[in-house]
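Q: the following comprises the amino acid sequence and a computationally predicted model.
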Amino acid sequence: MQLTSKIYINLLIFTISQARVLKYDYTDGCQLSEQIKNEIASYKDVKDQILDYVIDGEFKGKTYEELAKFVDKFGARPSGSKVLERSIDYMIELTKSEGLDDITTEELTVPHWVRGKEKVTMLEPLYKNLAVLGLGRSVSTPPEGITAEVIVVKDFDELEKVDESYIRGKIVLYDPIFTTYGDTVLYRTNGASRAASKGAVASLVRSITPFSINSPHTGSQTYDEGVPKIPTAAITLEDADLVRRMYDRGEKIVLNVKLSSKYNEKTSRNTLIDLKGSEQPKKLVIVSGHIDSWDVGQGAMDDGGGMFVSWAAPVILKRLNLTPKRTIRTIFWTAEELGLIGAKAYEEKHRNESSNINFIMESDEGTFAPLGLAVGGSQEARCIVGEILKLFESINATELIEEDNPGSDISVITETGVPGASLYNANERYFWFHHTEGDMMNVESPEELDLGAAFWTAVAYIVADLSVDIPRQVQN
Ligand SMILES: [Zn+2]
């Protein structure tokens with residue numbers, strides 16, 4: 001499947017919005033009535049009940065335990081794979097075992113990119129194998145690989161300055177130093193086509209991470225229309241820096257790049273779990289995470305943890321017999337990693353009823369200790385959420401970060417004007433493990449998952465139960 005320009009634009013919007021994280025002082029400029037402030041404050045007891053149950057009570061350790069069982073049973077769950085579908089079936093059964101039966105799946109066509117053998121060998125000036133991971137949707141090299149000289153550029157500006165005649169027939173290595181994910185990831189997502197447009201025969205990228213123990217990081221990339229599709233892969237920080245040092249010394253570097261993969265399309269499903277609201281069941285507060293993962297590691301962090309705190313919300317509320325006025329809908333998105341495919345299908349299918357979405361939440365940036373929420377929507381929406389966050393001082397999760405389109409999957413929906421939030425957490429180490437073999441259960445902590453699940457559940461409950469809707473931006 002060709003990547004449509006819409007997907008490209010969405011990726012762009014996502015990465016731009018990532019870069020514009022501002023702290024939002026919700027106490028200034030908010031004009032909430034005393035009535036709504038008092039109403040929000042009155043949720044203290046129910047919030048305590050949820051926190052106690054999850055952090056110190058019967059649910060303690062449950063989120064970690066269930067996540068571990070899940071990722072140990074299925075491992076990586078790439079888009080279009082049979083194992084992903086089996087893992088969806090498993091989650092449905094697990095949810096039913098908690099007495100939640102209102103479960104719907106929605107089918108859609110998803111990309112299925114399957115990695116084959118991959119090997120990158122430096123032939124000159126030193127013989128050395130480089131650790132490598134091909135990037136999503138990369139085409140294969142011929143079986144004998146591509147052998148060519150390397151040219152190293154730190155960014156697109158530098159690439160543009162190099163004469164085409166010098167790039168033609170060579171392998172381009174991008175070695176951008178990680179700043180933010182949003183800024184640096186462009187070399188992974190667009191690097192191949194940019195290099196191919198100047199005649200390169202393959203492209204490599206320094207893994208998008210601030211830290212490495214020689215671990216390559218995979219991820220999606222997209223080919224532009226009308227440009228030759230060249231094989232593309234990520235190498236480690238260590239190897240990229242090695243090549244850079246040699247290059248700066250003026251040494252001739254020759255690599256042999258062998259990549260192989262298969263690509264087709266399959267059917268997968270988004271999974272919707274509803275805890276029906278007592279007064280306004282059509283109105284939704286959505287909590288979500290994606291169930292697919294990359295084909296390396298266990299996808300425990302990305303996004304097993306996010307999916308499981310979203311799974312926990314209706315489970316905990318059901319166990320505590322807490323039914324909010326509006327419906328809480330948990331969504332496990334499918335095929336996030338290859339371009340938010342599940343979220344786009346959901347948005348399209350439910351476009352006519354999108355006015356029913358009161359608030360949409362996503363956890364896909366780690367489930368380390370929760371700190372608060374990254375919130376998008378009208379000023380009044382941010383003020384209400386900020387007021388709710390004041391309730392979470394006991395667990396240090398009161399911060400409100402302003403982000404126009406928070407999250408990954410949900411950005412598809414928030415950019416249509418629906419207010420939403422993503423879990424803001426102490427995820428400084430997130431990109432160390434992101435899209436690597438190291439995304440294993442070891443990254444997760446039972447205590448942090450308890451805090452995350454408790455926080456996520458309590459916020460969703462309060463938003464879903466308030467007497468007022470979360471106000472949308474006034475459309476001009
Ligand atoms: Zn993710």
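A: Right, received. Where do you want to start? Not measured: the values here are computed from a predicted model.

Q: what about Gln473, how many neighbours?
A: Look at Gln473: counted by other Cβ atoms under 10 Å, it has 14 neighbours. Using the backbone N, CA and C atoms, a C-beta is placed for each residue, glycine as well.

Q: spit out the contact partners of it.
A: Taking Cβ atoms under 8 Å, 6 or more residues apart in numbering as the contact definition, Gln473 lies against Gly377, Ser378, Gly417.

Q: mind giving me the PyMOL select for those residues, buried ones only?
A: Of the contacts of Gln473, the buried ones can be selected in PyMOL as follows, counting by 16 or more other Cβ atoms under 10 Å:
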select buried, resi 377+417
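
Q: of all the contacts of Gln473, which comes closest to Ser408?
A: Gly377 (16.9 Å; Cβ to Cβ).

Q: distance of the closest residue to that closest one other than its chain neighbours relative to the ion?
A: Counting by Cβ to Cβ, 6 or more residues apart in numbering, Pro419 is the residue found nearest to Gly377 once chain neighbours are left out, at 2.7 Å. Pro419 sits 21 Å away from the ion, going by Cβ to the ion, to the nearest Å.

Q: where does Pro419 land on pLDDT?
A: For Pro419, the pLDDT comes out at 97.

Q: so it sits right up against Arg472, yeah?
A: Yes: Pro419 sits in contact with Arg472 when judged by Cβ atoms under 8 Å, with a separation of 6.3 Å.

Q: now do the shared contacts for those two.
A: Gly377, Ser378, Ala381.

Q: chain center to the longest helix along the chain: distance?
A: If you go by DSSP state H, the chain has its longest helix at helix 446-465. Helix 446-465 sits 19 Å away from the centroid of its parent chain (Cα atoms, centre = their mean, to the nearest Å).

Q: do you know the pLDDT at Pro446?
A: The per-residue pLDDT reported for Pro446 equals 98.

Q: OK, contacts around it?
A: Counting by Cβ under 8 Å, 6+ apart, Pro446 touches Gly61, Thr63, Tyr64, Glu65.

Q: give me the more crowded residue out of Pro419 and Arg472.
A: Neighbours were tallied for Pro419 and for Arg472 using other Cβ under 10 Å; the higher tally belongs to Pro419 (26 against 16).

Q: now Thr95: closest residue in space that isn't a chain neighbour?
A: Using Cβ to Cβ, 6+ apart, the closest residue to Thr95 is Ile273 (5.5 Å).

Q: for the residue nearest the centre of the chain, give me its contacts.
A: For the chain, the residue nearest the mean C-alpha position is Asp364 (4.2 Å; Cα atoms, centre = their mean). Neighbouring residues of Asp364 by Cβ under 8 Å, 6+ apart: Gly289, His290, Asp302, Asp303, Gly306, Glu336, Gly407, Ser408, Asp409, Ser422.

Q: Leu272 too?
A: Counting by Cβ under 8 Å, 6+ apart, Leu272 has contacts Ile103, Thr104, Thr105, Glu106, Arg329, Thr330, Ile331.

Q: how close does the closest residue to the ion within the stretch 151-300 of the chain sit to Thr334?
A: Taking Cβ to the ion, the ion has its nearest neighbour within the stretch 151-300 of the chain at His290, 5.5 Å off. Plainly put, His290 is 7 Å away from Thr334 if you go by Cβ to Cβ, to the nearest Å.

Q: next one: Glu347
A: In terms of Cβ to Cβ, Glu347 sits 14 Å off from Thr334.

Q: could you do Met440 as well?
A: With Cβ to Cβ as the criterion, Met440 and Thr334 are 22 Å apart.

Q: compare the two (neighbour count), which wins?
A: Thr334 (31 against 19).

Q: relative to Val257, how far out is that one?
A: Thr334 is 31 Å from Val257, by Cβ to Cβ.

Q: ditto for Lys82
A: Relative to Val257, and taking Cβ to Cβ, Lys82 is found at 30 Å.

Q: next, count neighbours for Gln31.
A: Gln31 has 7 nearby residues by other Cβ under 10 Å.

Q: so how far is stretch 465-476 off the chain centroid?
A: Chain-centre distance of stretch 465-476: 26 Å, with Cα atoms, centre = their mean.

Q: so for it, mean pLDDT?
A: 85.

Q: name the residues that touch stretch 96-109?
A: Applying Cβ under 8 Å, 6+ apart, the contact partners of stretch 96-109 are 88, 92, 95, 265-276, 314-315, 318-319, 334-335, 341-342, 345-346, 349.

Q: which of these fall in helices?
A: If you go by DSSP H, the contacts of stretch 96-109 have Ile88, Ile92, Thr95, Pro314, Val315, Lys318, Arg319, Ile341, Gly342, Ala345, Tyr346, Lys349 in helices.

Q: ok, now which ones touch the third one?
A: Right, Thr95. The contact partners of Thr95, by Cβ under 8 Å, 6+ apart, come to Ile103, Ile273, Trp311, Val315.

Q: let me have the residues you listed in CSV, extended by pLDDT, neighbour count and distance to the ion.
A: CSV is the format used below for the contacts of Thr95 (pLDDT from 0 to 100; neighbours: other Cβ atoms under 10 Å; distance: Cβ to the ion, whole Å):
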residue, pLDDT, neighbour count, distance to the ion
Ile103, 98, 15, 22
Ile273, 99, 25, 19
Trp311, 99, 28, 15
Val315, 98, 25, 22
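
Q: let me have the residues you listed in TSV, extended by distance to Thr121.
A: Shown next, in TSV, are the contacts of Thr95 (distance: Cβ to Cβ, whole Å):
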residue	distance to Thr121
Ile103	49
Ile273	48
Trp311	44
Val315	49
